[in-house]
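A.B. asks: quick one: sequence and predicted model below, then my questions.
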Amino acid sequence: MDSTTHVLALDPVARVCNGCEAAGQARDEEPDRRFRWLTALRSTIVQPGLVHFRLSAAGVFRLLGL
């Protein structure tokens, strides 16, 4: 796949995130519900890993070094 194909493949994700009219039913949802829709394990747009909000130790040290 070239970079154009990647961008086109992710375009529906951007539409949902922004609540665009082209997002269909998701456009009427609040941002937190749109996020949950995108990260659903059964999502047909993106097959994400489990969502977590923790930083690894390496990530913390990298951020502290900025």
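C.D. replies: It's in.
A.B. asks: buried ones in the longest helix seen in the chain?
C.D. replies: Taking DSSP state H as the criterion, the chain has its longest helix at helix 3-18. Buried residues in helix 3-18, counted by 16 or more other Cβ atoms under 10 Å: 12, 15-16. Placement of C-beta: from N, CA and C, glycine included.
A.B. asks: got the residues you listed as CSV, with pLDDT columns?
C.D. replies: Below are the buried residues of helix 3-18 laid out as CSV (pLDDT from 0 to 100):
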residue, pLDDT
P12, 80
R15, 85
V16, 83
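A.B. asks: quick one: T39 and A22, what's the gap?
C.D. replies: Applying Cβ to Cβ, to the nearest Å, one obtains 20 Å for the distance of T39 from A22.
A.B. asks: and what of A9?
C.D. replies: To A22, A9 is 15 Å away according to Cβ to Cβ.
A.B. asks: need the strands for the chain, in chain order.
C.D. replies: For the chain, strands defined by DSSP state E do not occur.
A.B. asks: what stretches of it score poorly on pLDDT?
C.D. replies: 1, 43-55, 66 (pLDDT under 70).
A.B. asks: number of residues surrounding A23?
C.D. replies: Neighbours of A23 under the rule other Cβ atoms under 10 Å: 19.
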